[in-house]
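[1] Please work out how this folds:
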Amino acid sequence: RVWLACGTRGLVLVDSVWCDGYDRVRGRVRNISKTFENQNGHFVAAAPSVVEQPTEASLDALRNAERRSNVRVQGRIIKTGMDEVDRGLPSDYEPEVIEKYWNKRPLQVQRRVLEVGSTIAPFAAKLWFYRQTNQLDAKKKQIAADLRDILTKLGPTFIKLGQGLSVRPDLIGPDLMQELQTLCDSVPGFENEKAFAIVEDELGAPVSELFADVSQKPVAAASIGQVYKAKIRETGATIALKVQRPDMLRRVSLDLYLLRKLMYVAQDVQDRFTANKTDFVSLLTAWAAGTYKELDYRHEGKNAVRFAQMMSNLEDIVVPDVYFEYTGRKVIAMEWIDGVKLADASADQISNLVSLGVEAFLQQLLTLGFIQADPHGGNLLATPDGKLCILDYGLMCTVNRGQMEAMVASIIHLANRDYERVVDDFIELDFLPPTVDKDAVVPVLGAVLDQALEGGGAKNVNFQSLSSELSQITFDFPFKVPPYFALIIRALGILEGIALTADPDFRLVMQAYPYVAKKLLQERSPALSEALRQILYRDGTFSPARLQTLVESSQGFLGEGDAFVDFDTPPNQLSSREALEFLFSDNGSVLREIIADEVANGVDVVARSVVPLSLGNFTRVVPTPILQLVPGGTSSLSEDDEQYLRNLRGLLRFLLYSRTRGLQNGSLANDIQSVARDILELGRQFDVIFPKLHNMNKRIVGSLAERAVARAFDRVRVQQSLRR
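    Just a heads-up that it's a prediction; the model follows:
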C-alpha cells in the first residue's frame, strides 16, 4: 500500500505495510526511492525526498490516502483504508481530531447524549430511591444486574468500560464486579448478512468463494465483533474468522468524545474535594487508545505474531497463526484452536494452567514489557493436550525497562518491609508525585501493608484484597493509578479470579515471587543489583541464610513463616546438587561474583591463620621479597574475621548440606577444620561446577593477590618508617 503526503518539499511515497499510523512520518522521512503499485494497478516511483514538520494540510492528505489505500492479494483487493463515511476520523486515537470531527456534527452528538441519558436516567432515579429508603444493601444484586443490562444496551464502548471495571472491586464492590464479569459472555451478535457483506467488502470476494463450511451462526460474540468457524477453500485450513460490527469507528469515537468531556468534569470534582491525584483524563486516554486500536484488526494480527515470537520459550503456551491474506481492518482470520474455556476446565487443569499463565504474564510484565492486557475467561483456553491457548491480541500494554525494574524492586522492598523504599518505588512507578511528603506517607502505608501481609506469609496474600487495602489511603494522599498499571491490575485480577474458582487457597503473590527472585538473581541492571544487595547484606553484613532463602525461592520453595517472605529462615528444601547446579549455571553469574568476594574474605582469614604456622622454620630459607607476600599470623581474630569465617562456613554448608541440615553455626574453634573438609567435599561435585569455576577462581585468586600485595607494601612501609 502507499501513503501520499504533501510535504513542505514536494511529494513523498512511504511504504507503510508495517507502520502503526501516520505518526511514524510526522517528523523526518528521508532517502525513499522505491516503486509501488497503487490501487489502480499503475506503478509509480518516488525519488529521494525529505519531509520536515509536515503541515496540517499534509497530514490530512496522509489520512485521506491511508483511507483509500488497498492491497492486491491473489487477484482481489483487500481494503486496508477506511470507509468514506468515516472520512475525517483518525486511524489511531487522537482526541483533538475526534473532537474536531464531532464538533461539526452537533445534532448527532445531541442524539447520542439523549440516548445515553434516557437509558441511564431511570436507573439513576431508582438508585436515588433505594438510597433514600435505605435499600441499597438489600438491592445490591438487582442494581448490579440492571447496570449490566444498561451497559449492554448502550453498546460496545460501554461494554468495554464495564469489562474494565469488572476487575476493580476496590471501585465497584464484589457484587457489581461479579455481575459485570458476565459482560464477556452476554453480548448479543448481529446478523450474518451484515457480517458477510463486511467480509466481502474488506477481502474483495464473496464469503462463499473464499471460505467453506462457514458456521451457520457465530460461535462467539464480543463487544467489537463476532467469530465464525470456517475453512479456507484454497488450503483447507480451519480458521476462526472474526468480523467487526458495522459502523464501529463512528460509534466508538463518539462515545469516547463524550466520555472525555465527562472525565474533565470528574477531574475538576476530584481536585476540588479530595487529595486524590488520579488523572482521569490520562486513564481514559490510555484505555481509549487501546480500545481504538482494537478497531483495526491488522494491529491484532501483528501483535499476535510479535507475542508468539516472545513466548516461544514456553512450549505449553499456544498462540494461533494469523492468515494475513484474509485479514483487513474489519476482518481477521486466525488458526482455529480446539479447547474449552479455562474457567470451565477441571480443577487440576485450572491449577496447572493458571500457574503457566502466571509465568507467561510475569515474563511479559517483568522481562518483555509487552503484555496481553485482556486475558478474560473467554480468551484463555485449555487445549486437549494440556496446553494454554491465549486469544485476542487487540488490547496490548507496553511497559518500559525502568518500570519493570521498579516493579521488581518494589516486591523485594515489600518482602523486606522496607516501606521507605516502597514509597520511592511508588514514585518511580508514578503512583506518587516526587514532591509527596514521604514522612507522612510511610507510616500510613506501612500500617496498611503490615495488616494486609500479616499471618501465613505470601501464601495468604490475596492480590485483590491487597489492592483493596491500598485503595483505602488513596483519598488521603496524592495517589494516582498510572494508565499502564490499570491494564496490569485488570490482567492480574482476572488470572487470580480464574484460579480461585478451582483453588480457594490460590495466592497470586506466592505464584509470582519465585519468578521475581529468579529475575533478581539473573539481572545485572544497577537497580536490581542494588535490590539484591539490600537482601543479602543485612545491616551491611553478608547473610548466607538470606542467600539460601533467595535461591530456594527462585526454585519455587517458600517458607512457612508468618512473614510475607522470611529471608532469615530458609525453607531447607533444596538439595546440595540442585543448589550447585543453579549457582554454577548461566543464570547464577551474578551470585557467583558475590560469593567469590565472600569466599575470598573467608579464605584470606584462613590463610592469615594457618599459612604462617605451616611455614614454620621454612621462613629462614625463603627469599625476603617472596616472604613479604606471605600473610602474617594472627594470635586472635577480629570480629570481622570471625564473621567472614562464619559466612564461608555457612556458604559451604548451604551448598553441601542444605536439605538435611541447613545452616549450622558450630563453635568457632572448629571453623577452619570444617572449611577444609567442606572444600574437599565440594571437589567431589566438580563435574557440575567445573565449566564456571575457572572464572570464579580467577576472581578469588585475584582478590587474594591484591590483598597480599597490599599487605606486603604496608609491611615494607612500616619497616621503613621504623628504620627512620
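[2] following whichever strand or helix holds residue 580, which helix or strand comes up?
    Residue 580 belongs to helix 576-583 when assigned by DSSP states H and E. Downstream of helix 576-583, the first helix or strand assigned by DSSP H and E is helix 589-615.
[3] how big is the angle separating that next one from helix 576-583?
    In terms of direction (axes from the mean of the first three to the mean of the last three C-alpha atoms, to 10 degrees), helix 589-615 departs from helix 576-583 by 110 degrees.
[4] same for helix 589-615, what does it pack against?
    helix 508-522, helix 526-536, helix 544-554, helix 576-583, helix 639-657, helix 671-683, helix 686-723 (3 or more C-beta pairs under 8 Å, 6 or more residues apart in numbering; DSSP states H and E). Using the backbone N, CA and C atoms, a C-beta is placed for each residue, glycine as well.
[5] that older thread, tell me what angle the helix holding residue 580 forms with helix 508-522.
    If you take the same axes, to 10 degrees, helix 576-583 sits at 60 degrees to helix 508-522.
[6] could you say what helices and strands helix 576-583 packs with?
    helix 544-554, helix 589-615, helix 639-657, helix 686-723.
[7] mind listing what's buried in that helix?
    Within helix 576-583, the residues scored as buried using 16 or more other C-beta atoms under 10 Å are 576, 578-583.
[8] Give me the spatial nearest neighbour of residue 568, chain neighbours excluded.
    Spatial nearest neighbour of residue 568, excluding adjacent residues (C-beta to C-beta, 6 or more residues apart in numbering): residue 545 at 5.4 Å.
[9] And that neighbour, how far from residue 570?
    Using C-beta to C-beta, to the nearest Å, residue 545 is found at 6 Å from residue 570.
[10] Look at those two and report which has more neighbours.
    Legend: neighbour count by other C-beta atoms under 10 Å for residue 545 and residue 570, higher for residue 570 (24 against 18).
[11] Which residue, other than its chain neighbours, is closest to that one?
    Using C-beta to C-beta, 6+ apart and skipping residues adjacent in sequence, the residue nearest residue 570 is residue 548, 4.1 Å away.
[12] what do you get for residue 399?
    Take residue 399 and drop its neighbours on the chain: the residue closest to it by C-beta to C-beta, 6+ apart is residue 369, 4.5 Å away.
[13] Could you pull out the strands in the stretch 151-300 of the chain for me?
    For the stretch 151-300 of the chain, the strands defined by DSSP state E, counting those that start in this stretch cover 211-212, 220-221, 225-232, 238-244.
[14] Buried deepest among those, which one?
    strand 238-244 (a mean of 23; mean count of other C-beta atoms under 10 Å).
[15] circling back: looking at the helices and strands packed on helix 589-615, which is buried most?
    Between the helices and strands packed on helix 589-615, helix 544-554 has the highest mean count of neighbours, a mean of 24, where neighbours are mean count of other C-beta under 10 Å.
[16] Pull the residues that contact that helix.
    Contacts with helix 544-554, where a contact means C-beta atoms under 8 Å, 6 or more residues apart in numbering, come from 513-514, 517-518, 520-521, 532, 535-536, 538, 559, 565-574, 579, 582-583, 591, 594-595, 647, 650-651, 653-654, 658, 662-663.
[17] Make TSV from the helices and strands packed on helix 576-583 and add mean pLDDT and distance to residue 213 to it.
    Formatted as TSV, those follow (pLDDT from 0 to 100; distance: least, C-beta to C-beta, whole Å):
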stretch	mean pLDDT	distance to residue 213
helix 544-554	85	49
helix 589-615	77	54
helix 639-657	81	61
helix 686-723	75	55
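[18] could I get the ones you listed as JSON lines with distance to residue 437?
    JSON lines is the format used below for the helices and strands packed on helix 576-583 (distance: least, C-beta to C-beta, whole Å):
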{"stretch": "helix 544-554", "distance to residue 437": "32"}
{"stretch": "helix 589-615", "distance to residue 437": "36"}
{"stretch": "helix 639-657", "distance to residue 437": "39"}
{"stretch": "helix 686-723", "distance to residue 437": "44"}
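[19] Can you tell me which of these is nearest to residue 391?
    Residue 391 sits nearest to helix 544-554 of all the helices and strands packed on helix 576-583, at 30.8 Å, using C-beta to C-beta.
[20] Out of the strands of the stretch 151-300 of the chain, which gets the lowest mean score?
    Mean pLDDT per stretch puts strand 220-221 lowest among these, at a mean of 88.
[21] Which of the helices and strands packed on helix 589-615 sits closest to residue 301?
    Nearest of these (C-beta to C-beta): helix 508-522, 29.0 Å.
[22] Who are the packing partners of the closest one?
    Applying 3+ C-beta pairs under 8 Å, 6+ apart, one finds that helix 508-522 makes contact with helix 347-363, helix 401-415, helix 463-471, helix 483-502, helix 526-536, helix 544-554, helix 589-615.
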